[in-house]
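Enquirer: structure for the following, please:
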Amino acid sequence: MRSIWNGAISFGLVSIPIKLVNATESHAISFRQIHTEDNGRIRYRKVCELEEREVTQGEIGKAYEDADGTIIPITDEDLSHLPIPTTRTIEIVAFVPADRIDPLQMDAAYYLAASGAPAAKPYTLLREALKRSNKVAIAKYALRGRERLGMLRVVGDAIAMHGLLWPDEVRAPEGVAPDTSVTIRDKELDLADALMDTLGEVDLEDLHDEYREALEEVIAAKASGEAPPAAPAPAAGGKVLDLMAALENSVRAARESRGEPAAEAEVRPLPRRGAAPKETGAKKSTSTAKKTAAAKKTTTARKSTSKTAEGTKKATASASTSTSKRTAKKTATKKTASRKRTA
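Expert: Residues are numbered from 1 along each chain as shown. Alright, predicted model coming up:
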């Protein structure tokens with residue numbers, strides 16, 4: 001990797017010669033501007049307004065335009081005499097926990113490479129000190145004509161530096177949040193939590209630029225004289241009229257995309273702030289026990305009543321049968337006696 005800046009890290013009285021190299025690269029596809037009638041390139045030329053002619057890069061310098069339009073030339077020698085210690089030095093000013101850095105301040109990322117064998121030991125010392133302390137170093141440095149703020153941290157066996165915006169360069173989020181009063185129900189938060197659990201985590205290594213890949217396919221097709229691939233049908237959209245239904249459908253769709261059964265969303269109630277945890281299990285167990293005991297008593301009573309009624313019916317039927325038999329016997333006896341007297 002080609003270095004873009006050479007200097008040293010100032011670590012107290014320790015000086016570490018380093019080279020600054022870009023830690024990131026862009027894979028974006030860039031386009032050229034053309035004349036649509038003949039595909040001729042459109043170029044920007046640097047022209048001197050006074051002489052009305054194009055000038056070369058070697059003829060171009062820097063200048064500051066004052067409020068009244070006065071041009072004040074600034075040379076590289078002028079910049080080299082700036083009264084700051086960071087012109088060729090990354091000066092560490094403090095060590096702080098990493099969570100003290102607001103991600104909004106993050107800017108470009110660089111790797112700091114040790115410059116030469118003498119830099120190996122102090123470089124390794126700083127790296128190991130950062131590892132053991134679990135902190136990051138805050139530093140000042142000058143790059144491309146201005147002093148900047150940076151954060152040094154360990155990445156693998158190297159030291160990386162993230163350019164930071166100055167605190168006054170980060171805008172306050174005034175007027176960004178909705179100014180309308182909105183009430184969020186616990187059920188909606190529970191469904192949002194269920195959706196977050198269903199979507200789960202992701203390995204950033206698995207993510208890629210699908211737009212760039214599709215653009216490469218279009219360019220390849222056009223270059224070979226073929227028709228560009230057809231665009232997929234846009235996803236069915238619509239207005240979200242019911243937030244609860246939208247959340248439930250989102251959970252269901254996320255589960256289907258992960259190959260899970262499209263069951264009802266599993267909602268786990270979120271604990272309310274300041275509320276003591278409820279003894280749900282104990283109450284449910286007690287309630288269940290009471291209901292079970294009552295059900296058993298009712299069943300026993302019904303069985304007893306049924307048996308009693310059945311016994312009563314049997315006794316009544318038996319009594320009726322006995323009475324009928326006795327009545328029949330008496331009638332037969334009377335008829336026999338009457339027949340004897342008549343004879």
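Enquirer: for Met151, see how far away the spatially closest residue to Ala98 that is not a sequence neighbour is.
Expert: Closest residue in space to Ala98, ignoring its immediate chain neighbours: Val136 at 5.0 Å, by Cβ to Cβ, 6 or more residues apart in numbering. To be clear about C-beta, it is placed using only N, CA and C from the backbone, and glycine gets the same treatment. Shown here: Val136 relative to Met151, a distance of 5 Å by Cβ to Cβ, to the nearest Å.
Enquirer: which residues are common contacts for these two?
Expert: Shared contacts of Val136 and Met151, defined by Cβ atoms under 8 Å, 6 or more residues apart in numbering, comprise Ile101.
Enquirer: next one: phi and psi at Leu247?
Expert: Backbone torsions for Leu247, taken as degrees, to the nearest 10, come to phi -70, psi -40.
Enquirer: oops, could you answer that again for Pro167 instead?
Expert: The phi and psi values for Pro167, taken as degrees, to the nearest 10, are phi -50, psi -30.
Enquirer: check Ala114 too.
Expert: Torsion angles, degrees, to the nearest 10, at Ala114: phi -60, psi 130.
Enquirer: ok, back up a step: quick one: the residue nearest to Ala98 and Gly40, what's the gap?
Expert: 51 Å.
Enquirer: so for the two, which residue has more residues nearby?
Expert: The neighbour comparison of Val136 against Gly40 (other Cβ atoms under 10 Å) goes to Val136, with 23 against 10.
Enquirer: surely that one is within a strand?
Expert: Yes. If the criterion is DSSP: H, G, I helix; E, B strand; the rest coil, then Val136 is within a strand.
Enquirer: hmm, Glu216 and Ala28 touching each other?
Expert: No. Using Cβ atoms under 8 Å, Ala28 is not in contact with Glu216, being 11.4 Å away.
Enquirer: and these two? Which one has more around it.
Expert: Glu216 (12 against 9).
Enquirer: so who does the more buried one touch?
Expert: By Cβ under 8 Å, 6+ apart, the residues touching Glu216 are Ile29.
Enquirer: where does Arg32 fall, phi/psi-wise?
Expert: phi -100, psi 150.
Enquirer: residues in contact with it?
Expert: Counting by Cβ under 8 Å, 6+ apart, Arg32 touches 41-42.
Enquirer: and the pLDDT at it?
Expert: Listed pLDDT for Arg32 reads 92.
Enquirer: re earlier: partner residues bridging the residue nearest to Ala98?
Expert: Counting by DSSP bridges, Val136 forms beta bridges with Val96.
Enquirer: how about the one 10 residues further on?
Expert: Under the criterion DSSP bridges, Arg146 forms beta bridges with Leu143.
Enquirer: Ile71 versus that one, what's the distance?
Expert: Distance, Arg146 to Ile71, by Cβ to Cβ: 20 Å.
Enquirer: re earlier: my guess is the residue nearest to Ala98 meets Ile92, correct?
Expert: No. Taking Cβ under 8 Å as the definition, Val136 is not a contact partner of Ile92, at 10.3 Å.
Enquirer: so where's the stretch 51-200 of the chain shaky on pLDDT?
Expert: 82-87 (pLDDT under 70).
Enquirer: quick revisit: tell me which residues touch the residue nearest to Ala98, please.
Expert: Val136 makes contacts with 95-98, 101, 130, 151-153, as judged by Cβ under 8 Å, 6+ apart.
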